[in-house]
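**Student:** Quick one: sequence and predicted model below, then my questions.
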Amino acid sequence: MTTAILIRYLLVIAGGYLIGSVPFGFIVGRLFARVDIRKYGSGKMGTTNVMRVAGKKAAAIVFILDMSKGALAVLTAWLLLRGEYQADVGTAVWYMLRTAPAVAALAAIAGHIWPVFLKFKGGRGVATYYGGMFAICPAVAFFSGQVFLLGASTTKFMSLASIAGAVASYVIMVPLVFLSGFPWENLLYGAVGSLAIIIMHRDNIVRLINGKERKLGESAEVISSVPPTAGKYTNSLAAQRIGPFYLKWSRQNLHR
């Protein structure tokens, strides 16, 4: 039985990673704006960058789909390991059974950040993290989501709101685990997941400190291509029309 559980545990991790690797932001960017979303704005394929390039409708679709990746990874783990199997407390099998949903969700976040289908260049993992949290502990996801919404609406900095929401989810989880008996593996997920989100926003943190972070509503800029007629980079701005949107490129943004 131990070998069977180990195999399933490894399948849960691999499955979570592959689920997370599905590049919904890239796909929606192609469908709505006919561009490679990674060449504009932050260079990521998350909700915020999709909003800047392809609009609110496309961003909403991406947010829901990216959340579903975290939730689906957790569901897969439950189906494979949380049913017929039992083990003595403290054994390796017991730990595998307990941690499988959290580890699957973390694998989905890793897949979103480093997707195998896009040469390991993906998003920051925020929506996928919340999707996993909703499946693991809906109450924490709801209240930390309110922190995210409050931060986004008051500051207009999606990066700051994402970090605040992730940290809030961990802070809320701590008393629930130690005082109310919530599963400790939920705290593991909150700690590792929120840390990953903070690390993936390190460039945003630098821009926030320097007062250069983009707010909601600001247009995306080309970061990896130059108009064919340009012989060299210049400091002047040029506008490029993609569908109904105008995207700007500049030498300054090429280094972000």
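**Tutor:** Noted; the coordinates are in hand. The shown structure was predicted, so the numbers you read here are calculated from the model rather than taken from an experiment. Residues are numbered from 1 along each chain as shown.
**Student:** who are the neighbours in contact with residue 57?
**Tutor:** Residues near residue 57 by C-beta atoms under 8 Å, 6 or more residues apart in numbering: residue 32. Placement of C-beta: from N, CA and C, glycine included.
**Student:** Show the pLDDT at it.
**Tutor:** At residue 57, the model reports a pLDDT of 93.
**Student:** Quick check: which element contains it?
**Tutor:** Per DSSP states H and E, residue 57 falls inside helix 56-81.
**Student:** Check residue 195 too.
**Tutor:** Judged by DSSP H and E, residue 195 forms part of helix 184-200.
**Student:** Quick one: residues contacting the closest residue to residue 120 other than its chain neighbours.
**Tutor:** Spatial nearest neighbour of residue 120, excluding adjacent residues (C-beta to C-beta, 6 or more residues apart in numbering): residue 114 at 4.2 Å. Neighbour list for residue 114: 21, 120, 121, 122 [criterion: C-beta under 8 Å, 6+ apart].
**Student:** ok, now how distant is the second one from residue 166?
**Tutor:** If you measure residue 120 against residue 166 using C-beta to C-beta, to the nearest Å, the figure is 22 Å.
**Student:** Of these two, give the one with the bigger neighbour count.
**Tutor:** Here residue 120 and residue 166 are compared on neighbour count by other C-beta atoms under 10 Å; more neighbours surround residue 166, at 26 against 11.
**Student:** any residues touching the host helix or strand of the more buried one, and which ones?
**Tutor:** Here residue 166 sits within helix 158-180, counting by DSSP H and E. For helix 158-180, contacts defined as C-beta under 8 Å, 6+ apart pick out 47-48, 124, 126, 129-130, 133, 137, 139-141, 143-145, 147-152, 155, 182-184, 186-187, 190-191, 193-194, 197-198, 201, 204-205, 208, 213, 216.
**Student:** can you give me the angle the helix holding residue 57 makes with helix 184-200?
**Tutor:** 140 degrees (axes from the mean of the first three to the mean of the last three C-alpha atoms, to 10 degrees).
**Student:** how many neighbours does residue 148 have?
**Tutor:** 21.
**Student:** Just read off the phi/psi values of it.
**Tutor:** The phi/psi pair for residue 148 (degrees, to the nearest 10) reads phi -60, psi -50.
**Student:** what's the burial count for the residue lying closest to residue 15 once chain neighbours are set aside?
**Tutor:** Spatial nearest neighbour of residue 15, excluding adjacent residues (C-beta to C-beta, 6+ apart): residue 76 at 5.3 Å. Using other C-beta under 10 Å, residue 76 is surrounded by 20 other residues.
**Student:** Having no further points to raise, I will conclude here.
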